[in-house]
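Novice: give me coordinates for this.
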Amino acid sequence: MSHFTTIHTQIRDIDALRDACSELQLELLTNADCRGYAGVTRLAQHVIRLKGPYDIAVEPSQDNPGTYGLTTDWWDGHVAKEVGMNFSSLLQSYAVHKTTREARNRGMRVTRQQHADGSIVLTLQS
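Specialist: You can find the predicted model right below:
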């Protein structure tokens, strides 16, 4: 049997998350149903619509105001195929976009370099 699981994160910027989703060719919806195993759905403030049968709910954290948790159904690896195990690809892209936004807001120039192993190096210059 499968179920929704929440991973607590430090998502604080929905616009940076939207940019990360766009980079991964995913859509971030507002006030939408999140799909899970056996047709189970749940309404969420934000939903990352995946190409497979399940989605990711992006919901405000009850424990840490101003942050969001990511909730999904991990059954059969559908979500991991699109965003990495434990959201690794999604969170990496989010971190890059959040850092880039913050640096540019401070007047810095950002250079991004992606390596063959998937790692990303950001260089910030004032």
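
Novice: where do the strands sit along this protein?
Specialist: Assigned by DSSP state E, the chain shows strands spanning 4-11, 27-35, 41-49, 56-60, 68-73, 109-114, 120-125.

Novice: among those strands, which comes closest to V96?
Specialist: Nearest to V96 among the strands of the chain is strand 120-125 (5.6 Å), distances taken as CB to CB. In this view, the C-beta of every residue, glycine as well, is placed from N, C-alpha and C.

Novice: need the strands of the chain in CSV with distance to Y94, mean neighbour count and mean pLDDT, can you?
Specialist: Formatted as CSV, these follow (distance: least, CB to CB, whole Å; neighbours: other CB atoms under 10 Å; pLDDT from 0 to 100):
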stretch, distance to Y94, mean neighbour count, mean pLDDT
strand 4-11, 7, 16, 67
strand 27-35, 11, 17, 98
strand 41-49, 11, 18, 96
strand 56-60, 11, 22, 95
strand 68-73, 10, 22, 92
strand 109-114, 14, 11, 95
strand 120-125, 12, 12, 92
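
Novice: tally of neighbours for N64?
Specialist: Neighbour count for N64, taken as other CB atoms under 10 Å: 13.

Novice: roughly how far does it sit from V110?
Specialist: To V110, N64 is 27 Å away according to CB to CB, to the nearest Å.

Novice: again with V58
Specialist: Counting by CB to CB, the gap from V58 to V110 is 25 Å.

Novice: equivalent analysis for V121, please.
Specialist: As defined by CB to CB, V121 lies at a distance of 11 Å from V110.

Novice: check C21 too.
Specialist: Counting by CB to CB, the gap from C21 to V110 is 19 Å.
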